[in-house]
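Undergrad: any chance you could fold what I've pasted below:
(2 chains)
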Amino acid sequence: MPRQGGAAYERRMSWVFALLLFASTSALAQQSAPRLISDSPEYCAELAGRFAAIGPEAPSHLRLLADEGRQLCAEGQTRSGIAKLRRALKEAQRGE
Amino acid sequence: MAAQPEEAGGWRDVGAYLKSAGFRFAALFAVLFLAAIASFALMLWWGTAGTLSRQIDDAIRADALGLQEAWRGGGVAAATEAIGERLAVDIDDHAIYLLMDEAGNRLAGNLDRWPSAAGIPGSWSSDMVRRDGVAVPARLHRVLLDQGHRLLVGRDATDREKLRSLLSEALLWSFAVAVAFALAGAAALRRVLADRLRAASLTAGAIAAGDLSRRVPLSTQRDEFDQLGASMNAMLDRIDQLMVGIKGVSDSIAHDLRTPIARARMRLENALLSAPDEESLRAAMETTVADLDGISRVFQALLRIAEAEAGARRAAFARFDLAAVLTDAAEVYGALAEERGQQLQTSWPEKLEMVGDRDMLLQAVANLLDNAVKFTPEGGTIRLTASAPARGKREISVSDEGPGLAPMDRARAGERFFRADPSRALPGSGLGLSLVKAVAALHGGELQLGDARPGAERPGLEARLMLSSRA
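TA: Here you go, the predicted structure:
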């Protein structure tokens, strides 16, 4: 009986180890995945620079939109700021 | 141990159930139903998630071609600018780009490094990238440029994966429901089949148990099961009729042969006990031999009728001229009629080709002429005619001036050993018309009986053999 109980315990433990191994491998794979860097303040500044290059010719509502984007980036809301700047750039490109 | 036979019986029941036609039909229905559902699911998947995947790949491919063009036109600077422009207007934030030099330095793009599972340049992969620290699925396409430079173009595939997940879940539930419906439908189908066949099965069981009067009850649906039931009933009626016929024949054989056999026995016994001389003994024996020949003829006739009814002689069918057969019969019976002061009138075309059994037909015509000669009074006329009333049809008619047959007797005239009252006084076995009827059936036709002279005091009998010349 003790031997049988021991074997069952070993089986249970091997399953636990397998699960842990799978979970850690999966987590490791996620951690090692490349990272998207188009949501950083640096990229926000890059977009603002791009808009500034065409800014003087852009319609006023687009300039306003770009300003809002810059402001949001400055306040730390980088993704929203980038989205506004991208929209302003796209509209400006369409206008051209 | 005692439970073993019971268990074996249980497995046998399961085996019988699995082998039953009802289960197989039901299983076929379930498989077809599930196959239809699977086809539908496949088409749905192909039309939604598949289309989205193909659209993503098309967009990536077009993007990669555009960047390669920029690379060829202006090298690193042009490609870098093109990537920057594309990223700057990517409102959905789905685009992924990475341009690297030979040394592995990042030159442009929004991915921090080359994916570790990078395969052969130009190949496609579904990988994971991190956005805000969260791993998201991405579709990636790797392109090898000049001077060892590498380009990676991709799209965030989160939406596609969400759609796939939703669709998979919906299809899984649908499939589970379809399986439940298929099983329920199969069970219902099996039950309906079993219910519809139960009546036929019970009837067959009752008949096998000896109750020949049972018939399959028919529903008002007039479907295939009712058709099967009606066929079974018709078959049972026919079997019943044949059994009654066989019983009648057996009774008739016993009745009709008992008298001549008893007579022959008595004659032999008398001769044995009281014949005064050898001459008397010989005469008694000759008479007995004649009686036994008569019995033998009855059996021969019975055998010929059975042979004709069984259709065994159909294999021996051949083409022959019916006119020649009738001529032979007329020659024999013309002489016989003349001896009795009767006249035989004949009429048929020069040639009457047909396919059939010549000997059987000659026997049938001879039987009809034999009856006509027997019943026509002295000075009377017998008519034997034949014609081709339609293409593929032949008709032989024999009419006499005898007493004829009452309508009730005509219906029974084809039965073995049947003899109408006026003919009981005359010699005969009651098998002549039975053979004629069987020969007519063998040749795809029938025997029709009617008055030769309707309304006359002695109406006579007209026997018409309607035959198929192609049998």
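
Undergrad: show me where the stretch 101-250 of chain B has its strands.
TA: Per DSSP state E, counting those that start in this stretch, the stretch 101-250 of chain B carries strands over the ranges B:106-109, B:124-131, B:134-144, B:150-156.

Undergrad: how many other residues sit next to residue B:126?
TA: A count of nearby residues for residue B:126, using other C-beta atoms under 10 Å in any protein chain shown, gives 13. Bear in mind the C-beta positions are built from the backbone N, C-alpha and C, glycine included.

Undergrad: pretty sure it contacts residue B:141?
TA: No: between residue B:126 and residue B:141 there is no contact, the gap being 10.8 Å when judged by C-beta atoms under 8 Å.

Undergrad: I'd like to know which helix or strand in the chain has the lowest mean pLDDT.
TA: Let's take chain A. Each helix and strand of chain A was given a mean pLDDT (mean pLDDT, DSSP states H and E); the minimum falls on helix A:2-31 at a mean of 66.

Undergrad: which one of the strands of the stretch 101-250 of chain B is the most hemmed in?
TA: For the strands of the stretch 101-250 of chain B, the stretch with the most neighbours on average is strand B:150-156, a mean of 23; neighbours defined as mean count of other C-beta atoms under 10 Å in any protein chain shown.

Undergrad: using PDB, write out every CA atom in that one.
TA: Presented in PDB, the C-alpha positions along strand B:150-156 are these (Å, rounded to 0.1, in the frame of the first residue of the first chain):
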ATOM      1  CA  ARG B 150      16.500  42.100 -44.000                       C
ATOM      2  CA  LEU B 151      12.900  43.400 -44.000                       C
ATOM      3  CA  LEU B 152      10.100  42.200 -41.800                       C
ATOM      4  CA  VAL B 153       6.500  43.300 -42.700                       C
ATOM      5  CA  GLY B 154       3.500  42.300 -40.600                       C
ATOM      6  CA  ARG B 155       0.200  43.000 -39.100                       C
ATOM      7  CA  ASP B 156      -1.300  42.700 -35.700                       C
END
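
Undergrad: for that strand, the distance to its chain's centre please.
TA: With C-alpha atoms, centre = their mean, to the nearest Å as the basis, the distance from the averaged C-alpha position of strand B:150-156 to the chain average is 65 Å.

Undergrad: elements contacting that strand?
TA: In terms of contact count using 3 or more C-beta pairs under 8 Å, 6 or more residues apart in numbering or on different chains; DSSP states H and E, strand B:150-156 is assigned the packing partners helix B:51-88, strand B:95-100, strand B:124-131, strand B:134-144.

Undergrad: so can I have TSV of those showing mean pLDDT?
TA: Listed next are the helices and strands packed on strand B:150-156 as TSV, based on pLDDT from 0 to 100:
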stretch	mean pLDDT
helix B:51-88	92
strand B:95-100	94
strand B:124-131	89
strand B:134-144	91
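
Undergrad: which stretch among those comes nearest residue B:390?
TA: helix B:51-88 (70.0 Å; C-beta to C-beta).

Undergrad: buried residues in that closest one?
TA: By 16 or more other C-beta atoms under 10 Å in any protein chain shown, the buried positions in helix B:51-88 come out as B:52-53, B:56, B:60, B:63-64, B:67-68, B:70-71, B:76, B:79-80, B:82-84, B:86-88.

Undergrad: same question, stretch A:46-53
TA: For stretch A:46-53, the buried set under the neighbour-count rule, 16+ other C-beta under 10 Å, comprises A:46, A:47, A:48, A:50, A:51.

Undergrad: gap between the first one and chain B?
TA: Read it as residue A:46. As judged by C-beta to the nearest C-beta, to the nearest Å, residue A:46 and chain B stand 8 Å apart.

Undergrad: who touches the residue nearest to the spatial centre of chain B in this structure?
TA: When chain B is reduced to its mean C-alpha position, the nearest residue by C-alpha atoms, centre = their mean turns out to be residue B:228, at 11.1 Å. Under the criterion of C-beta atoms under 8 Å, 6 or more residues apart in numbering or on different chains, the contact list for residue B:228 reads B:200, B:216.

Undergrad: quick one: it and residue B:199, what's the gap?
TA: In this structure, residue B:228 and residue B:199 are 10 Å apart, going by C-beta to C-beta, to the nearest Å.

Undergrad: find residues that contact each of those two.
TA: Looking at what touches both residue B:228 and residue B:199 (by C-beta under 8 Å, 6+ apart), the common residues are residue B:216.

Undergrad: tell me if I'm right that residue B:349 and residue B:387 touch.
TA: Yes: using C-beta under 8 Å, residue B:349 is in contact with residue B:387, at 7.0 Å.

Undergrad: more neighbours: which of these two?
TA: Between residue B:349 and residue B:387, residue B:387 has the larger neighbour count (other C-beta under 10 Å), namely 14 against 10.

Undergrad: and the helices in chain B, which stretches?
TA: Using DSSP state H, the helices of chain B run over residues B:3-19, B:21-45, B:51-88, B:158-208, B:224-274, B:278-310, B:322-339, B:358-375, B:407-412, B:432-442.

Undergrad: can you list phi and psi of residue B:416 for me?
TA: Comment: the main-chain dihedrals of residue B:416 come out as phi -60, psi 140, following degrees, to the nearest 10.

Undergrad: what is the neighbour count of it?
TA: The criterion is other C-beta under 10 Å. On that basis, residue B:416 has 23 neighbouring residues.

Undergrad: do you know the pLDDT at it?
TA: Confidence at residue B:416, expressed as pLDDT, is 76.

Undergrad: who in chain A is up against chain B?
TA: Taking C-beta under 8 Å from any C-beta of the partner chain as the test, the list of chain A residues beside chain B reads A:29-30, A:32-39, A:43, A:46-47, A:50, A:79, A:82-83, A:86-87, A:89-90, A:93.

Undergrad: so which residues on chain B come close to chain A?
TA: Within reach of chain A by C-beta under 8 Å from any C-beta, chain B has these residues: B:84, B:87-91, B:93, B:96, B:98, B:110-116, B:127-132, B:135.

Undergrad: check contacts around residue B:23.
TA: Residue B:23 sits next to B:17, B:190 when contact means C-beta under 8 Å, 6+ apart.

Undergrad: ugh, typo on my part, it should be residue B:336
TA: Per C-beta under 8 Å, 6+ apart, neighbours of residue B:336: residue B:373.

Undergrad: which residue sits farthest out from the middle of chain B?
TA: Ranking residues of chain B by C-alpha distance from their mean position (C-alpha atoms, centre = their mean) puts residue B:77 at the top, at 80.8 Å.

Undergrad: how close does that one sit to residue B:114?
TA: Distance of residue B:77 to residue B:114, computed by C-beta to C-beta: 21 Å.

Undergrad: could you do residue B:65 as well?
TA: Shown here: residue B:65 relative to residue B:114, a distance of 21 Å by C-beta to C-beta.

Undergrad: now do residue B:139
TA: Going from residue B:139 to residue B:114 by C-beta to C-beta gives 16 Å.

Undergrad: what's the answer for residue A:93, then?
TA: Relative to residue B:114, residue A:93 is positioned 30 Å away (C-beta to C-beta).

Undergrad: do residue B:174 as well
TA: Counting by C-beta to C-beta, the gap between residue B:174 and residue B:114 amounts to 41 Å.
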